[in-house]
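Enquirer: okay, predicted coordinates and the sequence, questions at the end:
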Amino acid sequence: MDKETKLKLITACAECMIRHAEELTALDQAIGDGDHGLNMKRGFEALLADATVLSDKPLPDMLKAIGTQLVMKVGGASGPLYGTLFMALAKEIDDTPSLPSASAAFASAIEAVKARGKSELGQKTMLDVLIPVHRVWVTGGGTGLALAAQAAAEATVPMKAIRGRASFLGDRSIGHMDPGARSSQLLIETITTVLGA
Amino acid sequence: MANVGIVIVSHSAKVAEGAADMVRQMVGDEVPLAWAGGNSDGGLGTDVGHILAAIDAAWSAAGVAILVDLGGAETNSEMAIEMLDEARQKRIAICNAPIVEGAVIAATEASGGSPLDIVKQTAEELYPQ
Amino acid sequence: MTAHKASASHEETTRGSALLTNAVGLHARPSVKLTQLAKTYQAIVSVATEPTGPWIDAKSPVKIMRVKAPKGTTLYFEASGEDAVSAVAALVDLVERRFDEAEEEGHG
């Protein structure tokens, strides 16, 4: 992957998270501790500040550095989850990945997030976007991912939270989109737009 | 060999510091000891950076036993461990024990020179087997 | 304050006992000191609050902490092995020294 593309990816994702920080905060205030927007903004602002250095690295190194930054700067519950996602992706991915190999790397990153968060599909978490999107990727060859992400995020609205802070709300978590699902959707949309997928 | 080090990770800096104070008062200074508590804003929560710093401060060739309170402390401790080099990763154990009593018991066991697996096992006796 | 000094019998077991006279008895910090001291010996060392047991491993901090024997209880020691005699003597002495605690109420 060339430097320009990597730079575009980082910049676009950061700008997206900054733009949506209030929305993510509002979602997290409904069913969490209200800091998801702020946390993601802080983490991605740090990536933006380092964008030039990051985009100079080979893709695996870049992803690992992104993961580490997100762990350290996002904080909350999402920091380790997003950090793990990127760090695990970094372990499996090539510098110029093919679609199938990137898909396989994504699959193992999802497993790593499951292990980190001790969660499964259907518990109203970011996995409820990541897993369906990955399925569409595998069957559809890389197109339709943004739409799949949107549908998946919306599907979290009626779910009952079983993991994380929201799970303490029980039934009251129903009727609200999961903030981690929403931020995942936004990132997937941004990435697919930049990559023209 | 040096004694196993003890790291206390709580959502509350006060709890972590207080537990560390109790360990020192009850067990003494022969065991490397460090604590991490609160998030980066100083509120309740845990912070991977703080945990990494505590692991480093309490590091011993014999390894480190970590005591945690609620879920997030454990998750962030696991995250911290994963970010260390492999040699260190193998010598860190998170104990499934109550944070305060576990820290005291772990430190007591460590002060006698017990290896990491025994320190962890002993602290874990506090929970019903 | 009475203490039955360590005596080696014709079996391998050494026995001794001491009365808890410190204010908190065998509470948290005394438990820690007892186990730390026991661990410095090779011998297998046990403690009981009755002369017939049940016997508790003196090197186990969790088990000793659960004994919670109050002031006025007699602790019985049994040890076997190389340094059993020294172990029992040292433990009896620790109890008799009131675990080197300052005698204030409320100290754990």
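Expert: It's in. What you are looking at is a predicted structure, and each value in this text was computed from that prediction instead of being measured.

Enquirer: how near is the residue in chain A positioned nearest to chain C to residue A:94?
Expert: Closest contact between chain A and chain C, by C-beta to the nearest C-beta, is at residue A:118 (27.2 Å). Quick note: C-beta positions are derived from backbone N, CA and C, even for glycine. Distance of residue A:118 to residue A:94, computed by C-beta to C-beta, to the nearest Å: 30 Å.

Enquirer: returning to what we had before: and the residue of chain A closest to chain C, what does it touch?
Expert: Residue A:118 makes contacts with A:163, B:75, as judged by C-beta atoms under 8 Å, 6 or more residues apart in numbering or on different chains.

Enquirer: now do residue B:11
Expert: Contacts of residue B:11 by C-beta under 8 Å, 6+ apart are B:37-38, B:44-46, B:69-70, B:72-73.

Enquirer: nearest to the spatial middle of chain C, which residue is it?
Expert: Nearest to the geometric centre of chain C sits residue C:91, at 5.0 Å (C-alpha atoms, centre = their mean).

Enquirer: just checking, residue A:68 touches residue B:80?
Expert: No - using C-beta atoms under 8 Å, residue A:68 is not in contact with residue B:80; the gap is 11.4 Å.

Enquirer: ok, now which ones touch the residue of chain B found nearest chain A?
Expert: Residue nearest to chain A within chain B (C-beta to the nearest C-beta): residue B:79, separated by 4.2 Å. When contacts are counted by C-beta under 8 Å, 6+ apart, residue B:79 touches A:71, A:79-80, A:83-84, A:116, B:48.

Enquirer: and residue A:68 and residue B:80? Which one has more around it.
Expert: Comparing residue A:68 with residue B:80 by other C-beta atoms under 10 Å in any protein chain shown, the one with more neighbours is residue B:80, at 27 against 16.

Enquirer: what's the closest non-adjacent residue to the more buried one?
Expert: Spatial nearest neighbour of residue B:80, chain neighbours left out: residue B:51 (4.1 Å); criterion: C-beta to C-beta, 6 or more residues apart in numbering or on different chains.

Enquirer: cool, and residue C:35?
Expert: residue C:61 (4.6 Å).

Enquirer: what number of residues lie near residue 32?
Expert: Unless you meant another one, I'm taking chain A. With other C-beta under 10 Å as criterion, residue A:32 counts 25.

Enquirer: not quite, I wanted chain C
Expert: Using other C-beta under 10 Å, the number of residues around residue C:32 comes to 25.

Enquirer: that one against residue B:27, yeah?
Expert: Yes - using C-beta under 8 Å, residue C:32 makes contact with residue B:27 at a distance of 5.8 Å.

Enquirer: joint contacts of these two?
Expert: With C-beta under 8 Å, 6+ apart, residue C:32 and residue B:27 have common neighbours B:104, B:108.

Enquirer: what about residue C:90, neighbour count?
Expert: Around residue C:90 there are 19 residues (other C-beta under 10 Å).

Enquirer: spatially nearest residue to it (excluding sequence neighbours)?
Expert: Nearest residue to residue C:90 in three dimensions, chain neighbours excluded: residue C:37, at 5.9 Å (C-beta to C-beta, 6+ apart).

Enquirer: ok, back up a step: reformat the contacts of residue B:79 as TSV; add distance to chain C.
Expert: Shown next, in TSV, are the contacts of residue B:79 (distance: C-beta to the nearest C-beta, whole Å):
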residue	distance to chain C
A:71	34
A:79	35
A:80	31
A:83	36
A:84	34
A:116	31
B:48	30
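
Enquirer: any chance of those in a markdown table with pLDDT and neighbour count as columns?
Expert: A markdown table is the format used below for these (pLDDT from 0 to 100; neighbours: other C-beta atoms under 10 Å in any protein chain shown):
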| residue | pLDDT | neighbour count |
| --- | --- | --- |
| A:71 | 96 | 28 |
| A:79 | 95 | 26 |
| A:80 | 96 | 28 |
| A:83 | 97 | 27 |
| A:84 | 97 | 24 |
| A:116 | 95 | 21 |
| B:48 | 96 | 27 |
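
Enquirer: can you name the residue of chain C nearest to chain B?
Expert: Of all residues in chain C, residue C:39 sits closest to chain B, at 3.7 Å by C-beta to the nearest C-beta.

Enquirer: mind listing what that residue touches?
Expert: B:112-113, C:59 are the contacts of residue C:39 under C-beta under 8 Å, 6+ apart.
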